[in-house]
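Would you be able to build a 3D model of this:
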Amino acid sequence: MENLLKYLFPPKCIFCRNEGEVFCDTCLAECSLLTAQYCLVCDLPSEGGFTHTQCAERLKGTAPSRLLGVYSYDGKVRECIKFSKYGAKQFLSLRKLCREAADVCAEMWGGITPDLCLPIPSSPQKLSYRGFNQANMIAEEFCRKFKLSLNKELLIRVRNTEAQHTQDREGRRENVKGSFAVTAPANVKGKKILLVDDISTTGATFLESAKVLYEAGAAEVQCFALSKREKVCYNGAAHDRA
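Prediction:
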């Protein structure tokens, strides 16, 4: 498929327009890596992205054990993710970014060895409109890199939700409540699971997905986000990076 697309659309970088790749190495080098990892629950810095003990206790056993992220959601990363929704050529640029992210993960954290890798499912409405789910492609690249078992049908979204970017932190969590279901709990029971998505902002989608997986009997849930809106801390508080 990619070879056909390259034949139909001779590769040019979607940013600088130089020929050779849809996302050239020069532009790729300008993508900002996260300067820290964060607790998924409170969104404050955490060594290795592990959920703080007090945060895990507050969610009574439904919090993912860890959130790993590679890129800061700004600049060319943000543009690449947004562009990928609008056409095949732009979608290929996201695949290039994902492959680079998988290489970064291998260097930073070594092997990733869950029993199952599950992409966060897109809403039926968005899937019908776009025809694809970005999280599926990210999960495919990770499974290829780390030789993981991928299942795209085990976690499903059972209802459409309002766009998350229109909601505040609490609104996002309310917005996704009851949105996910596990199709075959027996295939989840006792398993270590890696959830994958393109962006983590407040973590609401990951938290709600993890909750239903734990309720289905998962032994552990970790999360991976290709990008994250990074925080800066000053005066004892965390704020979105401009």
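
ok, the spatially most central residue of the chain to W109 distance?
In the chain, the C-alpha nearest the mean C-alpha coordinate belongs to D197, at 2.1 Å (CA atoms, centre = their mean). Counting by CB to CB, to the nearest Å, the separation of D197 from W109 is 17 Å. Every residue, glycine included, has its C-beta placed from N, CA and C.

what do you get for L97?
Separation of L97 from W109 (CB to CB): 18 Å.

So between the two, which is more surrounded?
The residue with more neighbours, out of L97 and W109, is L97; 26 against 14, by other CB atoms under 10 Å.

which element is the closest residue in space to the more buried one that isn't next to it in sequence on?
Excluding the flanking residues, the one nearest L97 by CB to CB, 6 or more residues apart in numbering is C80, at 5.4 Å. Assessed by DSSP states H and E, C80 sits inside helix 75-83.

top helix in the protein by residue count?
For the chain, the helix reaching the highest residue count under DSSP state H is reported as helix 88-109.

so I120 touches L194, yeah?
No: counting by CB atoms under 8 Å, L194 is not a contact partner of I120; they are 11.1 Å apart.

Relative to K12, how far out is the nearest residue to F146 once chain neighbours are set aside?
Distance criterion CB to CB, 6+ apart; nearest residue to F146, sequence neighbours excluded, is I112 at 4.8 Å. To K12, I112 is 33 Å away according to CB to CB.

In terms of neighbours, single out the busier of those two.
Neighbour tally, I112 and K12, criterion other CB under 10 Å: the higher count belongs to I112, 19 against 15.

related to what we said a few turns ago, who's in contact with the helix holding C80?
Identification of contacts with helix 75-83 by CB atoms under 8 Å, 6 or more residues apart in numbering yields 14-15, 23, 27-28, 30-32, 71, 73, 90, 93-94, 97, 134, 198-199, 226-227.

Mind checking which of those are in helices?
When the contacts of helix 75-83 are checked against helices (DSSP H), the matches are 27-28, 90, 93-94, 97, 134.

Flag every buried residue along the helix holding C80.
Buried residues in helix 75-83, defined by neighbour count with 16 or more other CB atoms under 10 Å: 76-78, 80-81, 83.

Where does pLDDT dip in the chain?
When residues are selected by pLDDT under 70, those of the chain lie in 1-9, 86-89, 124-131, 160-175, 231-242.

can you give me the helices in it?
So, for the chain - with DSSP H - the helices run 2-8, 25-28, 53-58, 75-83, 88-109, 124-130, 134-146, 169-176, 204-215.

Report the contact partners of A218.
188-193, 210.

which among the residues you listed gets closest to E220?
Within these, proximity to E220 (CB to CB) peaks at K192, which comes in at 4.5 Å.

who's in contact with that closest one?
Applying CB under 8 Å, 6+ apart, the residues contacting K192 are 113-116, 218-222.
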